[in-house]
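1. no sequence for this one, just the structure:
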């Protein structure tokens, strides 16, 4: 498969066959649904099956000596859930949280059970049904920090959506900091 | 349908016996040893059949049978021993104590029902 | 009816494992020289139950394995076999083996193991030695030599008699038949018209003369007719009396005719066997004619209504029944009755009569005696029995037992009560909330107070469900002590106290291995050899004592021995050799500090490494495991008096008594058990030692200070110690002062896992949810100390360098 160049993406020459749908439209069952959210003007998508809930930002209890992108832990109906700031993960400039700041709670099955994590994003955008055939592999975006979390790219209505790899996201909070990237033994277990 | 007192210190056996009997429409009361069974037998006088294990703590089945036979209400009640083939002597001993008959372990539910049919 | 037996498997496994524990304990109590019959009975019973169950549930390998063991135990029990301590060991091995086999079955794996095969051979070997004694009695029991069995019945072979058939007719008129105007003689004469009457037997059922009623018919007939007429023709003759008699018409040459002479002893009813039941079982095979013989009936005055005076002659017409079937029915009364079974089918009538006359001296009495109907006897029986149709519901014990934890019914009842109260409080509060105004505030507060109490009680009750007596863990030690004693040639006595002390199931599971290690150590390194002990003037038998009790919110477990105690010099020398401490440090060690060295990684004082312990791993692992349970361990020892290890554990892992503290905007929780005291941090008591780290003079002691705001990189209210509080906590036997901004409330907190969705955080053992729904972290003191790392160590080292402080510490420790 030919990897589209950076210019391909910017001038929207990617085939526009991706079907746009409402959140209530259930016809496109062959396609996976993705929840998209905005961060610094870019639209990102995660598999909707992994989304447990969406909630407003509420203060988290900081964890001592945690990396800056780990905002702390919150009480999600009796379960302790870590919250990470995706902007900081992706080395984007941090913005101050407002009551409109959104936390997407993700739940993913792992070999040792399910793990829950909240990610702080700017705003929730939409839900799309996307066909696997429309997804493109990740071009070299020149940003070493966040490219590893991107599963693929897809274009919808002239927009570029970056689909994130949830499994990789879930180990984000395990990483002491993105730059040094050193995984400790216990960090892999989750 | 009959009311049956099942006595066995092994709760799995007891459950199996009880389940089988209930499945056949009988009502079952359970005891885990002779002492418990005797107390239960005294408080429940309308028992139609007693099924008792022989080897049990506190009071064994033989003693239980002897004790039961002392009770007016159990003078003629059928009492079947649940024995194993190694308890050959026990059959004689149990008979002497007043047992009605025996069922040889291991038995399956069908065999159990067939055997109690002989006395009910 | 088909029943799935697998539903009983789980409970079978549980009770079998319990049975094995019981067996193991009893085996260890067993003194081969002086067998206690109750003990051996207990052992036998356990094996017996496991065998019975495994056979029933189809675990053949286990059943077969247990069979020989059971036989041996039975012989021991019956004093037919002596056992020695080696046999006891073999039985213990068998216990292990059965455990393994059952576990394998649970894991759905083949259950035969090399051990099981070898043991089975050994048991078979044992049995073959003593088999002469027991096999004789076994054989005689299986095949009871009886004159009854020697009378062989004649095999029926069916003869073709062309169109002629033999018919057996049993004609039993009612007492009142004569009143219907029918005459038996007429009927018989009519029958004769159909063919040839081979036999007409008339039996009189005569009552006592005094009660004889001339209008009644006391006679009954057995008629054998040879005719070519069809059944219908015969029946027609009896048409008029059909309602006034019992009538059995059988084609004799197509059915086997069995005669069963049944002469029970008087006491047969006391066995619960009811002849009527047996007869009705016979009836299932075909037509049955029952003739009761009242010859032995005593006079009324002498009659014991519990005795059976009747004897019977039964005629069974069946083409399906076999001799074995009939004997089966009478199996239970073989010893209480004379039973003669004859097949008369093909034998000449006179032959049969001769045979019965020979076999039964009293058979002639049957014919000319008073004969009563079976029905009368049945009435006698049912009158004696209480009503069987009572519909009273029986008390039944709950059959549903959980697969993982057994909870006393009292605990559940308690819980239900609590929930009941909670519901009441809830509805009260709900009502209050529905129409609330400020005037009702006191009521609301009272209601909330009640809710709080309900909740606390409910929580306690729920926690209690998880509590199990520590005997679950202690129970493994008798066996272990015994085995170790034998292996090491040491004489040991194990004492256990407080086995009923309850402990959370999870804590129990996790403390098992550390305890095993400690007990092993005590036996291996603590207790001396008997000769050595005698030389010291001690009893040859060394004593290991396990003790458990509750103290505050903790469970304390003590493991003590009366052995040689810890050798301080040896420990110190070893610690220097292993570079755990320096020689300089060694000179200043207190006993307590020296003993504590054995908990250091890589430390072992065993002169000779045995396969039991002393591998140099262990004590540090033990300590770490105990600390992981929020527990603490300490050791005391006196030369030649012995050592004692004391373990303190929280009652449960799920709930913690916490002290809330504040640092800046953050709330943290100290486990209350770890806090020694908390006090105002006075500047004059803080001194800097070495590399800028602080120590605090706590009375005559110096404790290193750790500032939480530094360790956790927080923004405190004030960095000035003067304005801070010092929480003195215990850590590895040392004290540490932790600087915080403020002490908040003390409260019980429910421990939540941080690792479930995140990861382990150094200095934090878990999290909890506070009343306002926010998360607070629970502090792990050892982690905090580790985090402050060099700072703490240098402070500690600095303290030891201060000569005056050393003296003080030593004085305190001494």
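-> That came through, no problem. Note that the coordinates shown come from a computational prediction; the quantities given were computed from them, not determined experimentally.

2. And the pLDDT at residue B:5?
-> Looking at residue B:5, its pLDDT is 94.

3. cool, and residue B:64?
-> Taking residue B:64 on its own, its pLDDT is 92.

4. Packing partners of the helix or strand it falls within?
-> Assigned by DSSP states H and E, residue B:64 belongs to helix B:61-70. Packing contacts for helix B:61-70, counted by 3 or more C-beta pairs under 8 Å, 6 or more residues apart in numbering or on different chains; DSSP states H and E, involve helix B:34-43, strand B:49-53, strand B:79-84, helix B:88-97. For the C-beta atoms, the positions are set from N, CA and C on the backbone; glycine is no exception.

5. and residue C:729, helix, strand or coil?
-> Look at residue C:729: counting by DSSP: H, G, I helix; E, B strand; the rest coil, its state is strand.

6. What residues does it make contact with?
-> C:670, C:674-676, C:735-738, C:781 (C-beta atoms under 8 Å, 6 or more residues apart in numbering or on different chains).

7. Equivalent analysis for residue C:233, please.
-> Neighbour list for residue C:233: C:194, C:227 [criterion: C-beta under 8 Å, 6+ apart].

8. Distance to chain C, mean neighbour count and mean pLDDT for the helices and strands packed on helix B:61-70 - can I get that in CSV?
-> As requested, those are exported to CSV (distance: least, C-beta to the nearest C-beta, whole Å; neighbours: other C-beta atoms under 10 Å in any protein chain shown; pLDDT from 0 to 100):
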stretch, distance to chain C, mean neighbour count, mean pLDDT
helix B:34-43, 8, 19, 91
strand B:49-53, 8, 27, 91
strand B:79-84, 5, 26, 84
helix B:88-97, 4, 19, 76
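
9. Tell me which residues of the helix holding residue B:64 come out buried.
-> B:61-69 (16 or more other C-beta atoms under 10 Å in any protein chain shown).

10. which residues touch residue C:536?
-> Neighbours of residue C:536 in contact, by C-beta under 8 Å, 6+ apart: C:528, C:640.

11. got a pLDDT number for it?
-> For residue C:536, the pLDDT comes out at 91.

12. which stretches of the stretch 201-350 of chain C form helices?
-> Under the criterion DSSP state H, counting those that start in this stretch, helices of the stretch 201-350 of chain C are mapped to C:231-237, C:275-283, C:323-329, C:349-359.

13. Name the nearest residue to the residue in chain C that chain A sits nearest to, sequence neighbours excluded.
-> With C-beta to the nearest C-beta as the measure, residue C:712 is the residue of chain C nearest to chain A, at 3.7 Å. Closest residue to residue C:712 apart from its sequence neighbours, by C-beta to C-beta, 6 or more residues apart in numbering or on different chains: residue A:64 at 3.7 Å.

14. Out of the helices and strands in chain C, which is least certain?
-> For chain C, counting by mean pLDDT, DSSP states H and E, helix C:147-150 ranks last in confidence among helices and strands (a mean of 34).

15. and the residue of chain B nearest chain A?
-> Counting by C-beta to the nearest C-beta, chain B gets nearest to chain A through residue B:12 (33.1 Å).

16. show me what contacts that residue?
-> C:8-9, C:11-12, C:15, C:53, C:56-57.

17. give me every residue that touches the residue nearest the centre of chain B.
-> In chain B, the centroid-proximal residue (C-alpha atoms, centre = their mean) is residue B:51; its distance is 1.4 Å. By C-beta under 8 Å, 6+ apart, the contact set of residue B:51 is B:4-8, B:17, B:79-80, B:82, B:103, B:116.

18. Show the average pLDDT along the strand or helix carrying the residue of chain B closest to chain A.
-> Using DSSP H and E, the element containing residue B:12 is helix B:11-23. Average pLDDT, helix B:11-23: 88.

19. returning to what we had before: quick one: which of the contacts of residue B:51 is nearest to residue C:324?
-> residue B:103 (17.7 Å; C-beta to C-beta).

20. Check the secondary structure at the closest one for me.
-> Classified using three-state DSSP, residue B:103 is strand.

21. distance of it from residue B:49?
-> Residue B:103 is 11 Å from residue B:49, where distance means C-beta to C-beta, to the nearest Å.

22. So for the two, which residues contact both of them?
-> residue B:80.

23. gap between the residue located most distally from the centre of chain C and residue C:236?
-> In chain C, counting by C-alpha atoms, centre = their mean, residue C:193 sits farthest out from the average C-alpha position, at 74.3 Å. Using C-beta to C-beta, one gets 11 Å for the distance from residue C:193 to residue C:236.

24. Residue C:205 now?
-> Taking C-beta to C-beta, one finds residue C:205 at 26 Å from residue C:236.

25. what about those two, which has more around it?
-> Between residue C:205 and residue C:236, counted using other C-beta atoms under 10 Å in any protein chain shown, residue C:205 has the larger neighbour count: 21 against 13.

26. thinking the more buried one is in contact with residue C:220, fair?
-> Yes - applying C-beta atoms under 8 Å as the test, residue C:205 and residue C:220 come out as touching, 6.4 Å apart.

27. For residue C:728, which non-adjacent residue is closest in space?
-> residue C:676 (4.4 Å).

28. Need phi/psi at that neighbour.
-> The phi and psi values for residue C:676, taken as degrees, to the nearest 10, are phi -90, psi -50.

29. count of neighbours near it?
-> Counted with other C-beta under 10 Å, the neighbours of residue C:676 add up to 15.

30. In this structure it contacts residue C:726, no?
-> No - here residue C:676 lies out of contact with residue C:726, judged by C-beta under 8 Å, at a distance of 10.5 Å.
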